[in-house]
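Colleague: Here is my input, please return the structure:
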Amino acid sequence: MKKKTVSHTHRTYRKHRRTSNRHLSDKYYYTGEHLTETEIRLTQYNKGNISTQKVDITASFEKLTAQDSVNWFQVSGLTDSDVITRIVKECGLDNLDAKDILTPLHVIKIDEYQKRLLIILNSSFYNDNMEMRSEHISIVVAGNVVITFTESNNPVFANVMDALDSNMLNIREKGSGLLLAFLMNTVIANLVESAAKVEEILEDIEDKLLDITSDQGNVGAQIQQRRRDYLTIRKNSQPLKEQFPKLLRMENGIITPDMKPLYDDLSDQIQFINQTTDSCREIISSLVDLYISNNDLRMNAIMKRLTVVATIFIPLTFLVGVWGMNFKVMPELEWQYGYLFAWGVMLVAAVFTWIFLKRKDWY
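Modeller: Here you go, the predicted structure:
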């Protein structure tokens, strides 16, 4: 059997996987969960042409850049931290910016450095099994060069490639600012869809809780799971709301006045996400109260039924106790029909008690 080999990149990644990037250092490492090897694809386009190719991770971006086109470098996989750090420094950014790119779930931020943009985002989406997944995404914009960093090789920006192929909104005729709008729209749209899905699921849970006769065995776990999903979305959207206005205030020429309506629309979507998460928070709070209330109601119903059963057996216990005394002189003991008489009295007592409780509407 052929022994499976492990690349030097993966060995280095596993060695430093649990290394924290929170301390100042000369070198930082990817600390996420994805094992995707670092790959780079370059898409170059202008008004008349568009081309996509895979490039060597050791190649210089400066030599690959075409001045008459927008150059979009898609870096998938962050396991090779040396490559990521080199790319960041080639763009004129700092070593600490490489740390932000290599640290999943880093705080969301939008920074400008000498007409260069660094955007750190976290996208959230549901997979086919309705499990919440997050993708750490970083975007660097420097003139006509746009670089996206993703943890995995999932087609996160497949719709952006479709937009380039179809020249949607004349994207190939404009600069990197419009490409940036499409990239951010993809991330924000995922957050919008996830927030709307959480709200929809919570409303279904609410309908289920309001139906006291339905099976509510795992409702508590469902509420807890959706609460975690809500917190993930809120964590990824709330800082974005605070950081996004920076884009519109920057005077770097990347976002031109004709693109402002698109960015205003992105701002509206971010506002919708935050409104939806606020709604989810209120729904979750009411669901927890409703779930606890339903548990109390079910417990009260159980105790009521047990009380009815105990009440029916009280007179029967009394009669059995009387006939169970060890007196020598008990007329019923010598009577031929004493046994049947005892059963008859107990049945009459049980039926009478049951009718009495029924009329009192105890059950």
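Colleague: OK, contacts around residue 246?
Modeller: Neighbouring residues of residue 246 by Cβ atoms under 8 Å, 6 or more residues apart in numbering: 110, 112. (Glycine included, C-beta is placed from N, CA and C.)
Colleague: A strand includes it, no?
Modeller: No: secondary structure of residue 246 (DSSP: H, G, I helix; E, B strand; the rest coil): helix, not part of a strand.
Colleague: So which residues of the chain form strands?
Modeller: Per DSSP state E, the chain carries strands over the ranges 39-45, 50-55, 70-76, 109-112, 116-126, 132-142, 145-150.
Colleague: residue contacts, residue 338?
Modeller: Applying Cβ under 8 Å, 6+ apart, the residues near residue 338 are residue 332.
Colleague: Break down the stretch 101-250 of the chain into its helices, ranges please.
Modeller: 158-166, 176-210, 219-243, 245-249 (DSSP state H, counting those that start in this stretch).
Colleague: Out of these, which gets nearest to residue 261?
Modeller: helix 176-210 (9.9 Å; Cβ to Cβ).
Colleague: Can you add mean pLDDT and distance to residue 335 and give the helices of the stretch 101-250 of the chain back as a markdown table?
Modeller: As requested, the helices of the stretch 101-250 of the chain are exported to a markdown table (pLDDT from 0 to 100; distance: least, Cβ to Cβ, whole Å):
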| stretch | mean pLDDT | distance to residue 335 |
| --- | --- | --- |
| helix 158-166 | 94 | 92 |
| helix 176-210 | 92 | 59 |
| helix 219-243 | 91 | 58 |
| helix 245-249 | 85 | 97 |
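Colleague: got JSON lines for the ones you listed, with distance to residue 120 too?
Modeller: Below are the helices of the stretch 101-250 of the chain laid out as JSON lines (distance: least, Cβ to Cβ, whole Å):
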{"stretch": "helix 158-166", "distance to residue 120": "18"}
{"stretch": "helix 176-210", "distance to residue 120": "11"}
{"stretch": "helix 219-243", "distance to residue 120": "9"}
{"stretch": "helix 245-249", "distance to residue 120": "12"}
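Colleague: These: which one's closest to residue 28?
Modeller: Set against residue 28 and scored by Cβ to Cβ, these come closest in helix 219-243, at 21.2 Å.
Colleague: and residue 305, how many neighbours?
Modeller: Using other Cβ atoms under 10 Å, residue 305 has 12 neighbouring residues.
Colleague: Tell me the spacing between it and residue 274.
Modeller: 47 Å (Cβ to Cβ, to the nearest Å).
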